[in-house]
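Participant: Provided below for reference: sequence and predicted model.
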Amino acid sequence: MIEKKYDYLIVGAGLFGSVFAHEMTKLNKKCLVIDKRDHLGGNVYCEEKEGINVHKYGAHIFHTNDKKIWDYVNRFATFNNYINSPLSLSKGNLYNLPFNMNTFYQLWGTKTPEEAKQKIDEQIAKYGVKSPANLEEQALSLVGKDIYETFIKEYTEKQWGKKATELPAFIIKRLPVRFTYNNNYFNDRYQGIPTGGYNVIINGLLEGIETKTGIDFFEDKEHLESIADTIVYTGKIDEFFDYKYGQLEYRSLRFEHEIHDSENYQGNAVVNYNDAKYPYTRIIEHKHFEFGKQEKTIITREYPENWNKGKEAYYPINNEDNQKVFKRYKEESKKLKNVIFGGRLAEYRYYDMHQIIASSLAKVEEISMSKQE
Ligand code: FAD
Ligand code: UDP
């Protein structure tokens, strides 16, 4: 039998692939990590410019409730105490997010939780439904019409390129609704930005591991498959199977980065532009993630776009039709004993970073357990 050179060929140097490679290397497995981009890190990659860590693929704020995951990432980087508190610009007014007592005051002038609850309850009673079947019904049933129309409908429809009635309800449940004056976007216990940016974590995870960038798995598939016992694939699952059951839908993004010759552009890391008239959904000012005092500032406008084969896929669109197609690919993937599918694109799930790390660690654990049996 021909000896293979690597135990694992990991396709994709994002968080899933990097955690997997790190853990398997600790178990004395030989790993090669490849990525078609010209850098490691996948979507958490940061590029240093003007002394500022630019989140090249959009704002990334680490948050988790899981102490194990928090301790894990803290082994590779020191986290600051950044708390994400985005603002929303809607119909010419600025509001605090997520939906909390500050937002309700700015919207209705309500001062107490009781007043705000009454206002929302009245609207839910009028517009809400018992079993919401889509994002619009879910939003109306959670927060009522005013909030839906001011903050959700237009933003959501430009973000996803679909009517809110055609989108799954779970997307909107990501956002907290609370009756305290608390602008923290997340409910999780642990939160922050790694000092020095996310590359510090990725470099720590991949230290001592062989990596190659600028290599597309599909351009040299046969050879790459021949050099490893197992492939860990973190790209698009439909692409892996040459789209044989049809294309899954994704949402793409275009990022427009700008350097400004001023110290402070918008006074906050994230400002959402909720109205349909703005073609972008948010402007990020990167220095504020790390409380930067640099002379210049860098901002990024995030434009949602339709995905097609020449573009990066950023978000899976988990509506019913796509889930049906995904299920077929998933069944197909189970038949391949020497390929592991993991991460946001291969699992076709709207995962955050902490969930990706947990999923990768769980996969390593599952493999180690099965080898012990
Ligand atoms: P990726 O990072 O996408 O890595 C997959 C890698 O595989 C890519 O580098 C790709 O180039 C490579 N690849 C694909 N196909 C091939 C191929 N054929 N050959 C070689 N290489 C290939 N999460 C949070 O927790 N907090 C946030 O604030 C947050 N903000 C986000 C904002 C945006 C705009 C986006 C898009 C995501 C955000 N996330 C956030 C989610 C986070 O980015 C993901 O959970 C995480 O990065 C996914 O890691 P991954 O390894 O699955 O995928
Ligand atoms: N959303 C919205 N208005 C906002 C912010 C978010 O309608 O001001 C909706 C939108 O559909 C978005 C979803 O809530 O896709 C989840 O928001 P989140 O900020 O978690 O999105 P992400 O950072 O993952 O793009």
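Facilitator: Yes, it's here. Numbers count the residues shown, from 1 in each chain. Ligands and ions are numbered 1, 2, ... in the order given.
Participant: check the stretch 251-373 of the chain for the residue nearest ligand 2 and tell me.
Facilitator: Taking CB to the nearest ligand atom as the measure, the point where the stretch 251-373 of the chain comes nearest ligand 2 is Asn272, at 4.2 Å. C-beta coordinates here come from the backbone N, C-alpha and C atoms, glycine included.
Participant: am I right that that residue is in a strand?
Facilitator: Yes - assessed with DSSP: H, G, I helix; E, B strand; the rest coil, Asn272 lies in a strand.
Participant: how many neighbours does it have?
Facilitator: Counted with other CB atoms under 10 Å, residues neighbouring Asn272 total 20.
Participant: what's near enough to touch it?
Facilitator: The contact partners of Asn272, by CB atoms under 8 Å, 6 or more residues apart in numbering, come to Pro86, Leu87, Ser88, Leu89, Leu97, Phe151, Tyr155, Thr281, Arg282.
Participant: surely the last one meets Tyr273?
Facilitator: Yes - taking CB atoms under 8 Å as the contact criterion, Arg282 and Tyr273 are neighbours in contact, 6.3 Å apart.
Participant: kindly provide the distance from the residue of the stretch 251-373 of the chain closest to ligand 2 to ligand 1.
Facilitator: Note on Asn272: its distance to ligand 1, by CB to the nearest ligand atom, to the nearest Å, is 13 Å.
Participant: got it, and Val11?
Facilitator: On the measure of CB to the nearest ligand atom, Val11 and ligand 1 end up 5 Å apart.
Participant: burial count for that residue?
Facilitator: 26.
Participant: and the pLDDT at it?
Facilitator: Here, the pLDDT recorded for Val11 equals 98.
Participant: what about the residue in the stretch 101-250 of the chain that ligand 1 sits nearest to, neighbour count?
Facilitator: At 2.6 Å from ligand 1, Gly235 is the closest residue in the stretch 101-250 of the chain, using CB to the nearest ligand atom. Gly235 has 21 neighbours, counted by other CB under 10 Å.
Participant: contacting residues for it?
Facilitator: Counting by CB under 8 Å, 6+ apart, Gly235 touches Val11, Gly12, Phe217, Leu345, Ala346.
Participant: where exactly do the strands run in the stretch 101-250 of the chain?
Facilitator: All strands of the stretch 101-250 of the chain, identified by DSSP state E, counting those that start in this stretch, fall at 190-192, 210-213, 228-233, 250-260.
Participant: near ligand 2 at all, the last one?
Facilitator: No - looking at strand 250-260 against ligand 2 by CB under 6 Å from any ligand atom, there are no contacts, and the closest approach is 8.8 Å.
Participant: name the strands paired with that strand and say parallel or antiparallel.
Facilitator: Strand 250-260 sits in its sheet next to strand 297-306 (antiparallel), strand 315-316 (antiparallel), going by DSSP bridges.
Participant: how about residues contacting the longest one?
Facilitator: Surrounding strand 297-306, the residues in contact under the criterion CB under 8 Å, 6+ apart are 49-50, 52, 54-55, 58, 158-161, 251-260, 262-266, 279-287, 311.
Participant: highest neighbour count among the contacts of Gly235?
Facilitator: Of the contacts of Gly235, with other CB under 10 Å as the count, Leu345 tops at 29 neighbours.
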